[in-house]
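A.B. asks: just need the structure, nothing else, for what follows:
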Amino acid sequence: MNAPKLKIALLQRIIEIDDTELLKSLEGLLNTTDKNISKFLELANQKLQQEDENETEDFTAYIKEWVKNM
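C.D. replies: Presented below is the predicted three-dimensional model:
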């Protein structure tokens, strides 16, 4: 997706948000420097990846236990 289309998509998503606290958080994020935003997004992405890995491990253990009990 090119930059103008991405901007429009982001604006449409923001317009749909009704939660004032979330909008204030977004405003705070957008008022920081690009470097700080980049660090924040990198940390958030790492956290999501860790959660995905943990979820997969837990799910795999559940399947193994279920197969043993069959």
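
A.B. asks: quick one: mean pLDDT over the longest helix belonging to the chain.
C.D. replies: Identified as the longest helix of the chain according to DSSP state H is helix 34-68. Helix 34-68 shows an average pLDDT of 78 in the prediction.

A.B. asks: against which helices or strands is that helix packed?
C.D. replies: The contact analysis (3 or more Cβ pairs under 8 Å, 6 or more residues apart in numbering; DSSP states H and E) places helix 34-68 against helix 20-30. C-beta: built from backbone N, CA, C; applies to glycine.

A.B. asks: buried residues, the helix it packs on. List them.
C.D. replies: By neighbour count on 16 or more other Cβ atoms under 10 Å, the buried set for helix 20-30 is empty.

A.B. asks: again with stretch 34-44
C.D. replies: By neighbour count on 16+ other Cβ under 10 Å, the buried set for stretch 34-44 is empty.

A.B. asks: how far off centre is that stretch?
C.D. replies: Stretch 34-44 has its C-alpha centroid displaced from the chain centroid by 12 Å (Cα atoms, centre = their mean, to the nearest Å).

A.B. asks: C-alpha coordinates for it, CSV please?
C.D. replies: Extracted C-alpha coordinates of stretch 34-44, given in CSV (Å, rounded to 0.1, in the frame of the first residue of the first chain):
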residue,chain,number,x,y,z
ASP,A,34,9.5,9.6,15.0
LYS,A,35,12.4,8.0,16.8
ASN,A,36,10.3,7.4,20.0
ILE,A,37,7.4,6.1,17.9
SER,A,38,9.7,3.7,16.2
LYS,A,39,11.0,2.4,19.5
PHE,A,40,7.5,2.0,20.9
LEU,A,41,6.3,0.1,17.8
GLU,A,42,9.3,-2.1,17.9
LEU,A,43,8.7,-3.0,21.5
ALA,A,44,5.0,-3.6,20.9
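
A.B. asks: cool, thanks, signing off.
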